[in-house]
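Novice: Just the structure for this:
(2 chains)
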Number of protein chains: 2
Amino acid sequence: MDDPLGNGAERLHDWIVNTRTFAGRTGMDGRGEGIDDLFVRTQFDGIGASIMGRNMFGPVRGPWAADETWNGWWGEDPPYHHPVFVLTNYPRDPVEMEGGTTFHFVTGGIHEARQRALDAADGGDVWIGGGVNTVRQYLRAGLIDRIHLVVVPILLGSGERLLDNITGPNGRLPGFEPIDVSTGNNVAHIQLAKAEGEAGKLP
Amino acid sequence: MDDPLGNGAERLHDWIVNTRTFAGRTGMDGRGEGIDDLFVRTQFDGIGASIMGRNMFGPVRGPWAADETWNGWWGEDPPYHHPVFVLTNYPRDPVEMEGGTTFHFVTGGIHEARQRALDAADGGDVWIGGGVNTVRQYLRAGLIDRIHLVVVPILLGSGERLLDNITGPNGRLPGFEPIDVSTGNNVAHIQLAKAEGEAGKLP
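Specialist: Now for the predicted structure:
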């Protein structure tokens, strides 16, 4: 509970936490305004809804606790400020937080979550935050158009593999092309886009 | 034989091949002079000897062919221009190429190769080129001081894992710290250095 990302792993998020944009959305004290800040901004600007797996929402496993007081890792005012759809096998009523974030709990799987997120986004884009298992499900289904991958060069242990032996709906590796590699504060930002001819049908 | 790196994998090396420095050492026609070129230069300047595994040298497996005409993937004038020590289980006489590169075949393992490379380097640094299995052996032995890791964001298949569940001689993850992340032509250059207190004893 005190170390959500694991021992030493909070360093994975230093690049986010140290930015002015993240500070502005969370009350933290980051002041960075460089490339990292631009990427944090694009994570929120133009995004109408987000999707995440249950482990990214919080530590509870199995059925929700009877009193349902656990409202996620994200504090009273999560940085999203838009609807967030949480994939889970256990139904739960929506949780409305301060600042415009409402967590909706989706038990019907990735396609239901995608449709509800697209409806809620009302023309905005949908951001799939993670974790690894969630992103892999959407990759396999061919439903991801852009990838922003951040490489933080620290050794932590085994972790989970985002792109390990993954095949798309056609049985081949997903067709993504690198469109930019940029450098932040000791991290690399890699952007990939679905290759020509493999673009998802827009809703 | 026609596709040493595997189907589509030559793109892993575009960043090298397109540089002026690599062209100057191989007769290829690269003209790039940016960050990638600086990194290719540091791969050669100040390096007195190199070490590589047998699969990086060439495709022959098992005993060397009787006529020993296969002199590696590297052409008549390999880019090294210094002694290269090739780890192998099969003895073979040294092969002297044009331009100052001599391949020496080492059957005694990584420690013997290291000592011979250090002696040959005569005060210069020793570069361990790869492949993955070779680098992992040196990492586990705690004998690597600096890492230059290049992230090329293309999906190719399963490959080999450089840093997968690796433990150093003390049974822990090797103690490396990121010292720089730079951006080349759609690749990220990551440099790590052995952490304070874990530095290898210099010879």
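
Novice: and stretch A:56-72, C-alpha only, in PDB?
Specialist: Only the C-alpha atoms of stretch A:56-72 are listed here, as PDB (Å, rounded to 0.1, in the frame of the first residue of the first chain):
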ATOM      1  CA  MET A  56      -3.800   0.800 -12.400                       C
ATOM      2  CA  PHE A  57      -6.900   2.100 -10.600                       C
ATOM      3  CA  GLY A  58      -6.000   0.600  -7.200                       C
ATOM      4  CA  PRO A  59      -4.700  -2.400  -5.200                       C
ATOM      5  CA  VAL A  60      -8.000  -4.100  -4.400                       C
ATOM      6  CA  ARG A  61      -8.200  -7.600  -5.900                       C
ATOM      7  CA  GLY A  62     -11.300  -9.800  -6.100                       C
ATOM      8  CA  PRO A  63     -14.700  -8.300  -5.100                       C
ATOM      9  CA  TRP A  64     -14.800  -4.700  -4.000                       C
ATOM     10  CA  ALA A  65     -14.800  -4.200  -0.200                       C
ATOM     11  CA  ALA A  66     -18.300  -3.900   1.200                       C
ATOM     12  CA  ASP A  67     -17.900  -0.300   2.200                       C
ATOM     13  CA  GLU A  68     -16.300   0.600  -1.200                       C
ATOM     14  CA  THR A  69     -14.200   3.400   0.400                       C
ATOM     15  CA  TRP A  70     -11.200   2.700  -1.800                       C
ATOM     16  CA  ASN A  71     -11.300   5.200  -4.600                       C
ATOM     17  CA  GLY A  72      -8.100   4.400  -6.300                       C
END
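
Novice: Now it: average pLDDT?
Specialist: When pLDDT is averaged along stretch A:56-72, the result is 84.

Novice: With stretch A:111-121 instead?
Specialist: Across stretch A:111-121, the average pLDDT comes to 98.

Novice: got it, and stretch A:32-49?
Specialist: The pLDDT scores in stretch A:32-49 average 93.

Novice: Report the beta-bridge partners for the closest residue to chain B within chain A.
Specialist: The minimum distance from chain A to chain B, using Cβ to the nearest Cβ, falls at A:Ala188 (3.4 Å). (C-beta placed from N, C-alpha, C; glycine too.) Under DSSP bridges, the beta-bridge partners of A:Ala188 are A:Val151, A:Thr183.

Novice: quick one: contacts for it?
Specialist: Neighbour list for A:Ala188: A:Val150, A:Val151, A:Pro153, A:Val181, A:Ser182, B:Val151, B:Val181, B:Thr183, B:Ala188, B:Ile190 [criterion: Cβ atoms under 8 Å, 6 or more residues apart in numbering or on different chains].

Novice: Pull out the buried residues from the residues you listed.
Specialist: A:Val151, A:Pro153, A:Val181, A:Ser182, B:Val151, B:Val181, B:Thr183, B:Ala188, B:Ile190 (16 or more other Cβ atoms under 10 Å in any protein chain shown).

Novice: Put together a markdown table for those residues, with pLDDT and distance to B:Pro59 on each row.
Specialist: Below are the buried ones among the contacts of A:Ala188 laid out as a markdown table (pLDDT from 0 to 100; distance: Cβ to Cβ, whole Å):
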| residue | pLDDT | distance to B:Pro59 |
| --- | --- | --- |
| A:Val151 | 95 | 31 |
| A:Pro153 | 93 | 32 |
| A:Val181 | 95 | 31 |
| A:Ser182 | 95 | 37 |
| B:Val151 | 95 | 26 |
| B:Val181 | 95 | 34 |
| B:Thr183 | 94 | 33 |
| B:Ala188 | 97 | 29 |
| B:Ile190 | 95 | 29 |
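
Novice: farthest pair in those?
Specialist: Taking Cβ to Cβ as the measure, those span a maximum distance of 14.9 Å, between A:Pro153 and A:Ser182.

Novice: How are the strands of chain A distributed by residue range?
Specialist: A:47-53, A:83-87, A:95-96, A:102-106, A:125-130, A:146-151, A:176-183, A:188-194 (DSSP state E).

Novice: winner for burial among these?
Specialist: strand A:83-87 (a mean of 24; mean count of other Cβ atoms under 10 Å in any protein chain shown).

Novice: and the angle from it to strand A:125-130?
Specialist: Comparing the axes of strand A:83-87 and strand A:125-130 via axes from the mean of the first three to the mean of the last three Cα atoms, to 10 degrees yields an angle of 40 degrees.
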